[in-house]
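>>> here are the coordinates; sequence isn't available:
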Ligand code: ADP
């Protein structure tokens, strides 16, 4: 099943196409520079003097930021593809997303998943992107030196939609930032020291709204944040 939307003006469609092209074309040279910097680090590890090591670390940090930004810009543009709606198993998808994040994390959080996660009508690739971002943020914005706890649950609503929640015990969203965190490039005052581009939640919002749903965040009672989004029933748009 495919859903089309035609709210975009020709000028913004052209801008978006340009953004895809630019970010796509930047990926290969960036990967090549990163590979060469990795080789330099490996080949010269024993002879790096302090200044060289500092400069190399600065290059690596800059490359890391550019790589994240390029990928996020591509993902932002991809959120506008035609939706391919199928019945998606939330429980299977959540299990995959958790496996990815726990495998890549050094200090694994405690993750609790609600008992019954229903199937939802959604574009599987894009829905996965939303869950990936929300769970990734819950893992990333943990309080330092504490084991974080993340709860993922889903609740069918009276109107046939499903409310999905990702709650964490992390650093939380300052009240002044709460209305802006879904804007592209917005990063909260307390996010210094945590890597990011400020695009992830803007991508999530675009994807959720294209499915006809809503997304938001509340304070988690007991500390941290509680992100939620809805996936409407396809028969009741
Ligand atoms: P980023 O790439 O910066 O993580 P996002 O768009 O995903 O970008 O998030 C925007 C901002 O919202 C982040 O920079 C961070 O300040 C805040 N944020 C997002 N998720 C969380 C969370 N789970 N806990 C605390 N702050 C968060």
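It's in. It should be emphasised that the depicted structure is a prediction, and the values quoted were computed from it without experimental measurement.
>>> remind me which residues of this protein are low pLDDT?
Along the chain, the model assigns pLDDT under 70 to residues 1-8, 10, 105, 235-237.
>>> From the ligand, how far out is the residue in the chain sticking out farthest from the centre?
Most distant from the centre of the chain: residue 47, at 38.5 Å, with distances by Cα atoms, centre = their mean. Distance of residue 47 to the ligand, given as Cβ to the nearest ligand atom, to the nearest Å: 36 Å. Backbone N, C-alpha and C define where each C-beta goes, glycine included.
>>> and what of residue 31?
Residue 31 is 20 Å from the ligand, by Cβ to the nearest ligand atom.
>>> what's around that residue, how many residues?
Per other Cβ atoms under 10 Å, the neighbour tally for residue 31 reads 13.
>>> Tell me the spatial nearest neighbour of it, not counting adjacent residues.
residue 67 (8.0 Å; Cβ to Cβ, 6 or more residues apart in numbering).
>>> Output the contacting helices and strands for the helix or strand where that neighbour lies.
Secondary structure from DSSP states H and E places residue 67 in helix 50-78. Applying 3 or more Cβ pairs under 8 Å, 6 or more residues apart in numbering; DSSP states H and E, one finds that helix 50-78 makes contact with helix 10-43, helix 200-210.
>>> Now do the contacts for the residue nearest the centre of the chain.
When Cα atoms, centre = their mean is applied to the chain, the residue found nearest the centroid is residue 133 (2.3 Å). Taking Cβ atoms under 8 Å, 6 or more residues apart in numbering, we find residue 133 in contact with 200-201, 203-204.
>>> Spell out which helix or strand contains it, please.
Element membership for residue 133 (DSSP H and E) is helix 124-140.
>>> Now do that helix: distance to the chain's middle.
5 Å (Cα atoms, centre = their mean, to the nearest Å).
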